[in-house]
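# Next input, structure requested:
(chains A, B, C, D, E and F)
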There are 4 protein chains.
Amino acid sequence: MSTDLEDAPPAEAVKALGKRERTKKNNREAILDAAKIVFADLGYGATSVRDIIRRTGLASGTFYNYFKSKEEVFEALMDEGMRRIRPRLRAERIRSRTFEDFIRNAYRTYFDYLATDRDTFQVIRRNPNTVRVRMDSPEIIAGFEEIREYIEEDIRNGALPNVDAEYLMAAVVGIAMEIGDRMLRRPEMDAEEASTFATTLVLGGFRTLPHAGDTK
Amino acid sequence: MSTDLEDAPPAEAVKALGKRERTKKNNREAILDAAKIVFADLGYGATSVRDIIRRTGLASGTFYNYFKSKEEVFEALMDEGMRRIRPRLRAERIRSRTFEDFIRNAYRTYFDYLATDRDTFQVIRRNPNTVRVRMDSPEIIAGFEEIREYIEEDIRNGALPNVDAEYLMAAVVGIAMEIGDRMLRRPEMDAEEASTFATTLVLGGFRTLPHAGDTK
Amino acid sequence: MSTDLEDAPPAEAVKALGKRERTKKNNREAILDAAKIVFADLGYGATSVRDIIRRTGLASGTFYNYFKSKEEVFEALMDEGMRRIRPRLRAERIRSRTFEDFIRNAYRTYFDYLATDRDTFQVIRRNPNTVRVRMDSPEIIAGFEEIREYIEEDIRNGALPNVDAEYLMAAVVGIAMEIGDRMLRRPEMDAEEASTFATTLVLGGFRTLPHAGDTK
Amino acid sequence: MSTDLEDAPPAEAVKALGKRERTKKNNREAILDAAKIVFADLGYGATSVRDIIRRTGLASGTFYNYFKSKEEVFEALMDEGMRRIRPRLRAERIRSRTFEDFIRNAYRTYFDYLATDRDTFQVIRRNPNTVRVRMDSPEIIAGFEEIREYIEEDIRNGALPNVDAEYLMAAVVGIAMEIGDRMLRRPEMDAEEASTFATTLVLGGFRTLPHAGDTK
DNA sequence: CATGAATGAGGTTTCATTCAT
DNA sequence: AATGAATGAAACCTCATTCAT
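A predicted model of the protein is given here:
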């Protein structure tokens, strides 16, 4: 028990340890880490469960103690990313006085995160002419919905005009994704530049948005 | 919820032409049509060449007279969509007097098209918890670049401030994709509503966008 | 039709003893009980050691403290059945004055037993179109041989003509198995009816059986 | 086309032929033949699809063009056996004047067949202490039912007393199976001896059988 | 004795692709 | 060009079994 925690081995030494010393948590983690890299290397479609497990040094059967399929690992990876961001978004939400503040801080948080966890997001952003992939896992959906709720709240308390909250959320997310994607491709990733751009665009436009339900 | 819509049986397009009548409606078309439906039904990842060819009634070998792989079919499908839109965008570009005009017309064109060719775009938009897929085929990339060029042109001729053209393009595209996605999930698809929303957002914000190169 | 009966949930026997009460009701018993039910549910071929052990609530490793393989469990199950019947057959043998008496009593004993221990015998009797399985374990063989010996004894002491003892034993057994099988499928199991039928058939015929060694 | 028929190769030469010359029929046959032998060699349980296909020289995938599983091959094998016997039983039925005649001829037919197609039936009859296996495939069931119908016919036309037709059929079948099994194990298989024995037993007893529905 | 995660051999199955017709 | 059975690599996944705790 205590042994496991105490001499947590440096990454390189992991193989040297008897398999039994590695805890459940570690194996799951190991698989997720390997998957992240393999997905980024080969692309989601070309990756096989074998490719992932091979990279961990674990036995093939062990994979299935933790995940049912490659898809499930991918989902876990997406969930993980979103689970890391959500608390930060929530924090921004709380300390932001205005909608403008929130958008600004949220984008900043997101693009910063993107820049540091580049690996995970390369899964999605593959070489040109390759299939890109995305999954709306429960956590991802929940994250999006949370943003929508913030918007609805602000509509209710008058901070925002009565816009189509779902579309505004979609726009915010779409901007984040596409600009994020471009940012990651640039040799110098500049999270501030990206977030300023995104923020300005959204904030410049939201006041004049058509009110929900109006078509004309 | 949205599931119901997606699993709606495809039928007409392909089934309507019994192997007999097809004959001249080029096999290539038949394969593309079948692929469109099968991708939407099964998702890109779960679809096999066999699934596609089975739906055409053609022999499996015949597939290879037209495509090298499932990926190639998918690419062709993406290309096809883009090839249909680009001339319309170009036409809008020409008759638009201002950038505002162009964005408005372009979005309108795009969302209208989306609403009519729902099938094709369902490929990307699968049930929650399913892997969604997108391909930046040459034609797609070219389409995006074309938009970027329009922006750069307008920057050069003073119609637009010196913004980051790639990011603006990315934002325009990201908004189109995410709002488009949401629009398709709504029981009443309202292309006008969607395009008004997108247009307002972009046009409201672009004037105050940071100038390219400025970070602070 | 008969399917309904076979898929009837097993339940009581094992479920009734929650892991707690079990404790002393030897694990070996628990495994045998679980196996009986799982074999009947899934069929012998489709059953895995895991399926059996899962049903006991024991750890997988524990299985191997008691049995080497699924086959060994099955054999133990078959043996168990036979071990329960043999003493009764022997008792019948002793108190029977004539061969007729013995056959009558033996069949009655057997069909009664079958009706009460239905579970065990369902192993063999699966849905139509499913592989059924039977094992001639040492105990089973010994049981059959014992019957053969009784026959040979009766030949020696003149109670029976010099018939082919192995064939007569085989016939007695074959009748028991097939009629037993049919009896179990009937909604109302009537052991007396079955044993009367079997007895009459055997007793009616044995006197005129060809003498061993005669072919023509 | 005609080529295939003309130079039907001797069994040994089959491998020499290009794979394409072997017709669909031939491959199915080849798999069944191989299965028959492998089942007899290894026992049903221990046999894998690989074992079967290896013996044919075909590619592994080819197996699945013909059968879905090992179980399906086994079923086909059982069916095949029964399909060969049934016409002969029907012929016996027609030319038999009395129930006695029919039973006698049917048993003779069956045991003769058993002796000649020993291979197929060895599947069922494995080494002592090994699992034996049996499947009531549709054809098998149909065969049994046909016998039952003959019995019911004879009851209706007065040739037989009003016995329990299902039980009588079961007894006839049980005797055939168990005596057949023993016969196959004897160094000198004597089909006549076996059928005389079985016939005498059944015919000696059937007249005195209890009438259907009577329990006491 | 009991536990149950890890193992990895090996069975099952799919599927892109070929090629004789 | 169309056909579709055959191919066999390779993926998937289960499962009996071990063994450190």
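
# Give me the residue ranges of chain A where confidence is low.
Across chain A, the ranges flagged by pLDDT under 70 are A:1-25, A:122-129, A:207, A:209, A:211-216.

# Can you show me the helices along it?
A:2-6, A:24-42, A:49-56, A:60-66, A:70-95, A:99-116, A:118-122, A:138-156, A:165-185, A:191-206 (DSSP state H).

# any idea how far the residue lying closest to A:Ala76 once chain neighbours are set aside lies from A:Val73?
The shortest distance from A:Ala76 to any non-neighbouring residue, by C-beta to C-beta, 6 or more residues apart in numbering or on different chains, is to A:Leu32 (6.1 Å). Where C-beta positions appear, they are placed from N, C-alpha and C, glycine not excepted. According to C-beta to C-beta, to the nearest Å, A:Leu32 and A:Val73 sit 7 Å apart.

# again, but for A:Gly158
To A:Val73, A:Gly158 is 44 Å away according to C-beta to C-beta.

# do A:Glu80 as well
From A:Glu80 to A:Val73 the distance is 10 Å (C-beta to C-beta).

# Show me the domain layout of chain A.
Domain assignment of chain A by automatic domain parsing yields the ranges A:10-67, A:77-206.

# How far away from the center of its chain is the last one?
Domain A:77-206 has its average C-alpha position 9 Å from the chain's average C-alpha position, going by C-alpha atoms, centre = their mean, to the nearest Å.

# same thing with stretch A:58-70?
A distance of 23 Å separates the centroid of the chain from that of stretch A:58-70, by C-alpha atoms, centre = their mean.

# and that stretch, is it in reach of chain C?
No. Stretch A:58-70 does not reach chain C (C-beta under 8 Å from any C-beta of the partner chain); its nearest approach is 12.5 Å.

# Share the number of residues neighbouring the residue nearest to A:Ala76, please.
20 (other C-beta atoms under 10 Å in any protein chain shown).

# show me what contacts it?
A:73, A:76-77, A:80 (C-beta atoms under 8 Å, 6 or more residues apart in numbering or on different chains).

# For these, which entry has the maximal number of neighbours?
When neighbours are taken as other C-beta under 10 Å, the top entry among those is A:Val73 (25 neighbours).

# Now the residue sitting nearest the centre point of chain A: closest residue in space that isn't a chain neighbour?
Centroid-nearest residue in chain A: A:Gly81, 3.6 Å away (criterion: C-alpha atoms, centre = their mean). Closest residue to A:Gly81 apart from its sequence neighbours, by C-beta to C-beta, 6+ apart: A:Thr120 at 5.4 Å.

# Wait, the one you found touches A:Asp79, no?
No. Using C-beta atoms under 8 Å, A:Thr120 is not in contact with A:Asp79, being 11.1 Å away.

# which of the two has more neighbours?
A:Thr120 (21 against 17).

# Next one: the more buried one from C:Ile94, what distance?
80 Å.

# try A:Tyr44
A:Tyr44 is 75 Å from C:Ile94, where distance means C-beta to C-beta.

# So which of these two has more stuff around it?
Each of A:Tyr44 and C:Ile94 has its neighbours counted (other C-beta under 10 Å); A:Tyr44 has more, 26 against 8.

# residue contacts, that one?
By C-beta under 8 Å, 6+ apart, the neighbours of A:Tyr44 are A:70, A:74, A:123, A:131, A:133, B:45, B:131.

# Quick one: those as JSON lines, columns for distance to A:Arg104 too.
Below are the contacts of A:Tyr44 laid out as JSON lines (distance: C-beta to C-beta, whole Å):
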{"residue": "A:Lys70", "distance to A:Arg104": "37"}
{"residue": "A:Phe74", "distance to A:Arg104": "31"}
{"residue": "A:Val123", "distance to A:Arg104": "28"}
{"residue": "A:Val131", "distance to A:Arg104": "34"}
{"residue": "A:Val133", "distance to A:Arg104": "30"}
{"residue": "B:Gly45", "distance to A:Arg104": "37"}
{"residue": "B:Val131", "distance to A:Arg104": "32"}
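
# restrict these to those near DNA strand F?
Counting by C-beta under 7 Å from any atom of the strand, the subset of these that neighbours DNA strand F consists of A:Lys70.

# which among the contacts of A:Tyr44 are in contact with chain D?
Counting by C-beta under 8 Å from any C-beta, no member of the contacts of A:Tyr44 is near chain D.

# So which of the contacts of A:Tyr44 sit within strands?
Per DSSP state E, strands hold the following members of the contacts of A:Tyr44: A:131, A:133, B:131.

# What subset of these is buried?
Among the ones in strands among the contacts of A:Tyr44, the ones that count as buried by 16 or more other C-beta atoms under 10 Å in any protein chain shown are A:131, A:133, B:131.

# Can you tell me what sits against stretch A:63-81?
A:27-28, A:31-32, A:35-36, A:39, A:44, A:47-49, A:52-53, A:117, A:120-121, A:123, A:133-135, A:137-140, B:45, B:129, B:131.

# can we see that at 7 Å?
A:27-28, A:31-32, A:35-36, A:44, A:47, A:49, A:52-53, A:117, A:120, A:123, A:135, A:137, A:139-140, B:131 (C-beta atoms under 7 Å, 6 or more residues apart in numbering or on different chains).

# Can you tell me how far A:Ile31 is from chain C?
The gap separating A:Ile31 from chain C is 22 Å, by C-beta to the nearest C-beta, to the nearest Å.

# repeat for A:Asn26
In terms of C-beta to the nearest C-beta, A:Asn26 sits 22 Å off from chain C.

# which of the ones in strands among the contacts of A:Tyr44 come close to chain C?
Restricting these to those touching chain C (C-beta under 7 Å from any C-beta of the partner chain) yields no residues.

# Could you dump these into TSV and include distance to A:Ala198?
TSV is the format used below for the ones in strands among the contacts of A:Tyr44 (distance: C-beta to C-beta, whole Å):
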residue	distance to A:Ala198
A:Val131	26
A:Val133	23
B:Val131	26
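
# The residue in chain A that DNA strand E sits nearest to and A:Val38, how far apart?
Across chain A, no residue is closer to DNA strand E than A:Gly61, which sits at 1.6 Å (C-beta to the nearest atom of the strand). For A:Gly61, the distance to A:Val38 (C-beta to C-beta) stands at 18 Å.

# So for the two, which residue has more residues nearby?
Shown here are A:Gly61 and A:Val38; by other C-beta under 10 Å, A:Val38 has more neighbours (25 against 8).

# For that one, give me its contacts.
A:Val38 neighbours (C-beta under 7 Å, 6+ apart): A:47, A:51-52, A:55.

# which one of these has the most neighbours?
In terms of neighbours by other C-beta under 10 Å, the contacts of A:Val38 top out with A:Ile52 at 26 neighbours.

# Give me the neighbour count for A:Glu145.
Neighbours around A:Glu145, by other C-beta under 10 Å: 12.

# What residues sit buried inside stretch A:162-178?
For stretch A:162-178, by 16+ other C-beta under 10 Å, it's A:163-178.

# Would you mind marking which of these are also close to chain B?
Okay, of the buried residues of stretch A:162-178 touching chain B (C-beta under 7 Å from any C-beta), that's A:164, A:166-167, A:170-171, A:173-175, A:177-178.

# So A:Met169 versus DNA strand F, what's the distance?
34 Å (C-beta to the nearest atom of the strand, to the nearest Å).
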